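Peer 1: need a 3D model of the sequence below.
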Amino acid sequence: MSLLKICLFLGLFATGMFPGCAGNVPTRSAADGKPAAPVQVEGNLSGGTLVLKLTINGPATSVELVAAGLGGVKHAGGSFQQNLGNVLSTSSFSRTLQYEAAEQEGSITVQVRGLFNGHMMSKVQDFVIPGTSFFNSKSSAPLQRGAEGEPLVILPAD
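Peer 2: Purely as a prediction, here's the structure:
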């Protein structure tokens with residue numbers, strides 16, 4: 001094989017123009033450069049409840065939702081795993097998780113995994129759960145919520 005043919009082959013392969021390679025490469029997240037499933041995970045915390053909104057972009061098979069508490073946070077029903085099945089096009093799902101906060105800050109980790117374009121991929125999202133000691137503090141400052149429902153304490157500026 002001549003040097004010209006080798007260079008042409010490598011150039012086509014690198015640009016994805018080689019037959020059989022185009023369209024089968026998993027997309028990468030611009031933020032961290034790692035492959036990620038084409039899924040959006042949003043959550044809203046409210047008094048022991050995490051309401052999840054999942055948006056799956058495109059076809060996928062064997063999609064599962066898995067949630068686990070970390071740092072002492074516990075899912076009220078034990079471990080949480082739910083099969084969402086096959087998704088033919090862009091679809092949205094809502095799920096509600098009940099949890100018990102720990103004394104110190106913890107989190108709930110949500111993973112959506114499945115086969116996207118023939119590749120096993122997942123998306124992982126963490127939701128910080130304030131500890132119960134945060135809410136039982138002796139501070140006289142009023143407790144307010146931020147735009148995303150996170151607790152904010154406004155302290156006086158003396």
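Peer 1: only C-alpha atoms for contact and neighbour calcs from this point on.
Peer 2: Noted.
Peer 1: how near is the residue positioned nearest the centre of the chain to Gly114?
Peer 2: The centre of the chain sits closest to Gln125, judged by Cα atoms, centre = their mean, with a distance of 2.9 Å. From Gln125 over to Gly114 the distance is 15 Å, taken as Cα to Cα, to the nearest Å.
Peer 1: picking up where we left off before, now do the same contact list for the residue nearest to the centre of the chain.
Peer 2: For Gln125, the contact set (Cα atoms under 8 Å, 6 or more residues apart in numbering) comprises 41, 109-111.
Peer 1: Three-state assignment for Thr61, please.
Peer 2: Under the three-state scheme (DSSP: H, G, I helix; E, B strand; the rest coil), Thr61 adopts strand.
Peer 1: quick one, helices of the chain?
Peer 2: Shown for the chain, the helices assigned by DSSP state H span residues 3-15, 132-135.
Peer 1: return the member of the ones you listed having the minimum mean pLDDT.
Peer 2: Mean pLDDT is lowest for helix 3-15 among the helices of the chain, at a mean of 51.
Peer 1: show me which pair in the contacts of Gln125 is furthest apart.
Peer 2: Across the contacts of Gln125, the longest distance by Cα to Cα is 10.9 Å; it joins Val41 and Thr109.
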